[in-house]
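**Student:** Give me a 3D structure for the following:
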Amino acid sequence: MQKTSENQKWYERIPHALTMLFGIIIFVTILTYLVPAGSFERELVDGRNRVIPGSFKAFDNNTPISLMQMFTAIPLGFKAAVEVIFIVLAGGVMFGVMEKTTTVENAVGTLVKKLGLKNKYLIVVIMTFLFGFLGVAVGYENNIAMVPIAAVLSLALGGDLILAAGISVGAMTIGFGLSPINPYTVGTGHKIAELPMFSGYLLRSILCFTALSLMAFYNVRYFKKITKDKTRSLGIGLNEDGINLSKPIEDYTMNRDNWLVIFTFLIGIGTILYGVFSYHWYLNELSAIFLIIALASALVSKMNANMISETVLKSVSDAAPGAFMVGFAATIKVLMEMGNIGDSISNNLAQLLQGLPLYAAAISMSISQCVINLFIPSGSGQALATLPIMLPLGEVLGLTRQTTILAFQIGDGVTNLINPTLGGLVAMLAMCRVPLDRWFRFIVPMLGLIVVISWVFLLLAVAIGY
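**Tutor:** Residues are numbered from 1 along each chain as shown. Sure thing, here's the model as predicted:
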């Protein structure tokens, strides 16, 4: 018997991810008719455009988006997000080849056999912190290749793909968003504010550790719930083909070819880390390394040319829906630029903060960054666009520069957990085969808890003059 709309729970009313994104596209298009167009003047600082405070000027005429322009923005969104789209495909190819060699399945099965299923909850906690550390120290999209490993591990432990996303995507998003050494948000903010780089790290570190601890607890709680009653799983019906274990745990061992593939993978990851930190590699270089790892793994496993070709195309077909969602989400940013309303929204939100009491101003500043984050999902881009406005405003309101940057980091970082316009989030969920609507049903309660905890830390920062 189907539930009526009156009896449905809130999370059962969440529309499909594609429907949700198209709704946002329509909403932004309508906004271009309602929000006056305008822009700030910008100056080039260290090779990057930064907003000049007080330079906002409204255009004489609005630049509304027509119906034709709205649909034209969709292919333009794919063009703008082509690097992220391809890294989803490249990551899918790499994992597909490694899965075909049985390496991932044998490695995870052997690991679980060694640690024992009796320690499965401890394994979830350890892996949550491990992925969180990757987010803190390595970055965000840089870790996309690690996400499928969590999927195989979760299923091996008796969990589901939603748990896999919580362990990997949830932890990495929190770790990256609240990292005390995040170069894109904290680093850029400290440069703009002329503060010592990564100063105030202690309070940020405690906040980040607290949020990751909550994520680990939340993951274990969900795991226990679905272990007791499989019907309560949010992952029912998701595609687990090729990532679930095919035999009992006690039967797993590692063969020579498996070790060669793991060795190849580790060399590739090491090369990526070296390139990222030494040569500032980004998505294109990472995609290239993923493809090299895939080819090398196939060769050491003695796969013939036909098998490699078939595996690559099968992997691309598995990754294609997620890649499509990344491009579709990028349409929103394109529409904002076409309608010239991004700066207008930032300016209007800043004006609303004036005259607020000290503590309310700090919380409201964080909330305003949450809203802006939907339209400017890039952390460094948001910092360059908003902090030149928010820092002087914060000083007028009585907030220290460090506290203003903390409010910005919380608004930007925490809401990344549910930001459908963030290409990295959509891409990683795609690697876990988890659609946005299922992810929202899982993560929204956790998001609320982390927001409250983060605001407690923000109020503490105001109280101590952080």
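**Student:** now the residue nearest to residue 325 when sequence neighbours are not counted: how far from residue 139?
**Tutor:** Closest residue in space to residue 325, ignoring its immediate chain neighbours: residue 426 at 4.9 Å, by C-beta to C-beta, 6 or more residues apart in numbering. For glycine as for every other residue, the C-beta is placed from the backbone atoms N, C-alpha and C. Distance, residue 426 to residue 139, by C-beta to C-beta, to the nearest Å: 17 Å.
**Student:** pLDDT below threshold where in this structure?
**Tutor:** Scanning the chain for pLDDT under 70 picks out 1-14, 47.
**Student:** Helix or strand next in line after the longest helix seen in the chain, which one?
**Tutor:** When the chain is parsed with DSSP state H, its longest helix is helix 305-339. Counting by DSSP states H and E, the element after helix 305-339 in chain order, helix or strand, is helix 342-353.
**Student:** Not counting that next one itself, show me its contacts.
**Tutor:** 35-40, 51, 56, 58, 336, 361, 364-365, 368, 371-372, 375-376, 385-386, 389-390, 393, 397 (C-beta atoms under 8 Å, 6 or more residues apart in numbering).
**Student:** What residue, apart from its backbone neighbours, is nearest residue 368 spatially?
**Tutor:** Ranked by C-beta to C-beta, 6+ apart and with sequence neighbours excluded, the top spatial neighbour of residue 368 is residue 349, at 4.1 Å.
**Student:** Roughly how far does that neighbour sit from residue 250?
**Tutor:** 58 Å.
**Student:** gap between residue 394 and residue 423?
**Tutor:** Taking C-beta to C-beta, one finds residue 394 at 29 Å from residue 423.
**Student:** likewise residue 101?
**Tutor:** Distance of residue 101 to residue 423, computed by C-beta to C-beta: 29 Å.
**Student:** who has more neighbours, those two?
**Tutor:** residue 423 (27 against 22; other C-beta atoms under 10 Å).
**Student:** Relative to residue 277, how far out is residue 104?
**Tutor:** For residue 104, the distance to residue 277 - C-beta to C-beta - is 26 Å.
**Student:** Which one of these two is surrounded by more residues?
**Tutor:** Between residue 104 and residue 277, residue 104 has the larger neighbour count (other C-beta under 10 Å), namely 24 against 11.
**Student:** Am I right that residue 120 falls within a strand?
**Tutor:** No - assessed with DSSP: H, G, I helix; E, B strand; the rest coil, residue 120 is helix; it does not lie in a strand.
**Student:** burial measure for it, as a count.
**Tutor:** Residue 120 has 20 neighbouring residues, counting by other C-beta under 10 Å.
**Student:** Which residues are in contact with it?
**Tutor:** Neighbours of residue 120 in contact, by C-beta under 8 Å, 6+ apart: 112, 157-158, 223.
**Student:** For those, give me JSON lines that also has distance to residue 411.
**Tutor:** Shown next, in JSON lines, are those (distance: C-beta to C-beta, whole Å):
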{"residue": "112", "distance to residue 411": "39"}
{"residue": "157", "distance to residue 411": "34"}
{"residue": "158", "distance to residue 411": "37"}
{"residue": "223", "distance to residue 411": "30"}
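**Student:** Among those residues, which one has the most neighbours?
**Tutor:** That'd be residue 157 among those, by other C-beta under 10 Å, with 25 neighbours.
**Student:** any idea how far residue 163 is from the closest residue to it other than its chain neighbours?
**Tutor:** Take residue 157 and drop its neighbours on the chain: the residue closest to it by C-beta to C-beta, 6+ apart is residue 120, 4.5 Å away. Distance check for residue 120 against residue 163: by C-beta to C-beta, it reads 11 Å.
**Student:** Overlap of the contact sets of the two?
**Tutor:** By C-beta under 8 Å, 6+ apart, the residues touching both residue 120 and residue 163 are residue 223.
**Student:** circling back to that earlier point, contacting residues for the residue nearest to residue 325?
**Tutor:** 322, 325-326, 329, 420, 436.
**Student:** Mind picking the two most distant members of these?
**Tutor:** 322 and 420 (12.9 Å; C-beta to C-beta).
**Student:** higher neighbour count, these two?
**Tutor:** Taking other C-beta under 10 Å, residue 322 and residue 420 do not tie; residue 322 has more neighbours (24 against 20).
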